[in-house]
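Chemist: here are the coordinates; sequence isn't available:
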């Protein structure tokens, strides 16, 4: 239903409550370049960067080149470590305007995995058992027995869902 859609989008929207920020993209350093390797980051997370200042060194198919920041700000996060090869246009890091956003980035990724997963799974479980028993009660018995046989074979149930 519509309810599920709106809650999903709300959750996605909340995940980044940052002020202004700019993604740092892997640039196309030559016309033939499709991916680049990050040789080194010249800045650490939390460092102030200025527009035009080199923030990382990228190895293209032609040569190693400095990649400059487009915006003044602070390096808020590094998504791709040194030595990683990334597609052109992929986001490799983030520059934030407000240094206080950096702690949001780091704390968010940590708290996200542990705290939010447990309550949401509990909710899902209670909802599912609730609706299943409800369906079984309202529907006839032969149907519910065929349900249990499809549940026993996970491959079946997935293909039916599709």
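Modeler: Arrived safely, thanks for sending. Since we're looking at a predicted model, the values are computed, not measured.

Chemist: mind listing the strands for this structure?
Modeler: Counting by DSSP state E, the chain has strands at residues 21-25, 35-41, 48-49, 54-59, 64-68, 73-78, 85-87, 91-96.

Chemist: now do the third one: which elements does it pack against?
Modeler: Packed against strand 48-49 by the contact rule (3 or more Cβ pairs under 8 Å, 6 or more residues apart in numbering; DSSP states H and E) you find strand 73-78. C-beta: built from backbone N, CA, C; applies to glycine.

Chemist: check which helices and strands the strand it packs on sits against.
Modeler: strand 21-25, strand 48-49, strand 91-96, helix 100-114.

Chemist: deepest in the core, which of those is it.
Modeler: Of all these, strand 91-96 carries the top mean neighbour count, a mean of 21, counting by mean count of other Cβ atoms under 10 Å.

Chemist: got the angle for that strand vs strand 54-59?
Modeler: Interaxial angle of strand 91-96 relative to strand 54-59 (axes from the mean of the first three to the mean of the last three Cα atoms, to 10 degrees): 180 degrees.

Chemist: quick one: strands adjacent to strand 91-96?
Modeler: Counting by DSSP bridges, the strands paired with strand 91-96 are strand 21-25 (antiparallel), strand 73-78 (antiparallel).

Chemist: in JSON lines: these, plus mean pLDDT and distance to residue 31.
Modeler: Formatted as JSON lines, the strands paired with strand 91-96 follow (pLDDT from 0 to 100; distance: least, Cβ to Cβ, whole Å):
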{"stretch": "strand 21-25", "mean pLDDT": "92", "distance to residue 31": "17"}
{"stretch": "strand 73-78", "mean pLDDT": "96", "distance to residue 31": "27"}
